[in-house]
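>>> generate a structure from the sequence data that follows.
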Amino acid sequence: MDNIEPPEQNAQEQDNCEKASPCARLIQLGREQSFITTDDILREFPEPEKDIEALDRIFAALAAANVPFIEDDDEEDLGS
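As a prediction, this is how the structure comes out:
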């Protein structure tokens, strides 16, 4: 069996967050919704100021997964 490398984007996501981690759950949610909001992030990280590095990794992983971040007010506009 050939050793198949994952696409670069997926490899970068894996570098930024581990499988089944809050970060991975956010990426999955973002793919399902086509975006992530502040509220989504705060559900996984209720006190983000306590771990700024984790927050940086989340945003890097979301960017690598091409999951856009939108403000919660922008989400309401999407539903209109």
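
>>> show me where pLDDT drops low in the protein?
1-16, 18-20, 73-80 (pLDDT under 70).

>>> which residue ranges of it form helices?
8-16, 22-33, 38-44, 52-64, 72-79 (DSSP state H).

>>> what count of nearby residues applies to residue 51?
12 (other C-beta atoms under 10 Å). C-beta here means a position set from N, CA and C on the backbone, and glycine is covered the same way.

>>> next one: phi and psi at the closest residue to it other than its chain neighbours?
The spatial neighbour of residue 51 that comes closest, neighbours along the chain excluded (C-beta to C-beta, 6 or more residues apart in numbering), is residue 45 at 7.1 Å. Residue 45 adopts backbone torsions of phi -130, psi 80, taken as degrees, to the nearest 10.

>>> and residue 45, how many neighbours does it have?
Close neighbours of residue 45, defined as other C-beta under 10 Å, add up to 17.

>>> what's the answer for residue 50, then?
Neighbour count of residue 50, defined by other C-beta under 10 Å: 9.

>>> same check, this time on residue 23
25.

>>> surely it is in contact with residue 17?
Yes. At 3.0 Å, residue 23 counts as touching residue 17 under the criterion of C-beta atoms under 8 Å.

>>> mutual contacts of these two, please.
Listed as contacting both residue 23 and residue 17 by C-beta atoms under 8 Å, 6 or more residues apart in numbering are 57, 58, 61.

>>> chain neighbours aside, what residue packs nearest to the second one?
Meaning residue 58. residue 23 (5.1 Å).

>>> state the distance from the residue nearest to residue 51 to residue 68.
Counting by C-beta to C-beta, to the nearest Å, the gap from residue 45 to residue 68 is 18 Å.
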